[in-house]
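**Q** Below is the sequence, then the predicted model.
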Amino acid sequence: MCIAYLSLGVNPDWPLFIAANRDEFHQRPTLAARPWPDAPQIIAGRDLSAGGTWLGMSLSQRWALLTNFRDPGNQRPDASSRGKLVSDFLQGEMSAEEYTKYIYSRAQDYNGFNLIVGHGLHAWYVGNHAACTGPVSLAPGRYALSNHALDTPWPKVELLRNRLDALVPEDGELQLEPIYEILRDGSRPDDHALPRTGVPLDTERLLSSIFIVSPNYGTRCSTIIAVNAQGHGIFSETSYDNTGTPIERHDWPLYTSRLC
């Protein structure tokens, strides 16, 4: 997953809200989000290459999301799978604080990553790059994340944040289509506004939009997780082909205990 928005403990109607896109090579085998047969309390997609996931939630209110940290000059082919960072938390029992501290102690095992894990409205962020000096507890607020540190103001990160900040549910009703429309925004900034992350300019341009379309690499799915104060909500995901055309959508109901 390459871009995500998190609203935590802010909206009284929907205190836990996540909207995210996963960008990946189209040839990488993946299962769309669904309850896992071997762990039916978890709803998440699954990477069939390494077995982990990029975003998921359990019916015990454990949730996690992951993005890669873009650093093309420091990629190790023997590094541990980053997708396990999410799946291990969803299936584990450590608190979010304990887990991020544990992961930080062995962060050198992985290529660059950003990880947010939470239990209800208690969430922690950790990364393994110079911009993150250790696990951070997330206060109630709105956060945005792409392939640099949390809240780095890349143009597409700020665009996603500003558009979703302004999308306030009317009368407590959550309308999914306006959220999906924002997640499908393919607009690109001018070249002077692009970050410089060590990839060629043409690649920087391709990666600069919220929604990415190309024959080989692009946005594979958009995901919306929304949970109300009573612990009820929805896990919605739409998958796309390499032309950006929707090919599959599932809306999974969420029923947990009251959020706290």
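**A** Yep, that arrived. The model shown is predicted, which means the values in this text are computed figures rather than measured ones.

**Q** only C-alpha atoms for contact and neighbour calcs from this point on.
**A** Noted.

**Q** Would you map the strands across the protein?
**A** With strands called from DSSP state E, the chain shows them at 3-8, 16-25, 30-36, 39-47, 55-58, 62-68, 113-119, 122-127, 136-138, 141-145, 217-227, 232-240, 246-255.

**Q** Quick one: these as JSON lines, columns for mean neighbour count, mean pLDDT and distance to Gln91 too.
**A** Formatted as JSON lines, the strands of the chain follow (neighbours: other Cα atoms under 10 Å; pLDDT from 0 to 100; distance: least, Cα to Cα, whole Å):
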{"stretch": "strand 3-8", "mean neighbour count": "24", "mean pLDDT": "98", "distance to Gln91": "21"}
{"stretch": "strand 16-25", "mean neighbour count": "22", "mean pLDDT": "98", "distance to Gln91": "20"}
{"stretch": "strand 30-36", "mean neighbour count": "17", "mean pLDDT": "96", "distance to Gln91": "11"}
{"stretch": "strand 39-47", "mean neighbour count": "19", "mean pLDDT": "96", "distance to Gln91": "8"}
{"stretch": "strand 55-58", "mean neighbour count": "26", "mean pLDDT": "98", "distance to Gln91": "8"}
{"stretch": "strand 62-68", "mean neighbour count": "26", "mean pLDDT": "98", "distance to Gln91": "9"}
{"stretch": "strand 113-119", "mean neighbour count": "24", "mean pLDDT": "98", "distance to Gln91": "12"}
{"stretch": "strand 122-127", "mean neighbour count": "23", "mean pLDDT": "98", "distance to Gln91": "16"}
{"stretch": "strand 136-138", "mean neighbour count": "16", "mean pLDDT": "98", "distance to Gln91": "21"}
{"stretch": "strand 141-145", "mean neighbour count": "21", "mean pLDDT": "97", "distance to Gln91": "23"}
{"stretch": "strand 217-227", "mean neighbour count": "24", "mean pLDDT": "98", "distance to Gln91": "18"}
{"stretch": "strand 232-240", "mean neighbour count": "20", "mean pLDDT": "97", "distance to Gln91": "18"}
{"stretch": "strand 246-255", "mean neighbour count": "15", "mean pLDDT": "96", "distance to Gln91": "17"}
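
**Q** Check what pLDDT Met1 gets.
**A** pLDDT for Met1: 63.

**Q** next one: the one 10 residues further on
**A** If you check Asn11, the pLDDT there is 92.

**Q** try the one 4 residues further on
**A** Looking at Pro15, its pLDDT stands at 95.

**Q** how many neighbours does it have?
**A** A total of 23 residues lie near Pro15 under the criterion other Cα atoms under 10 Å.

**Q** Quick check: phi and psi on it?
**A** phi -70, psi -20 (degrees, to the nearest 10).

**Q** so who does it touch?
**A** Residues in contact with Pro15 (Cα atoms under 8 Å, 6 or more residues apart in numbering) are 7-9, 121, 226-229.
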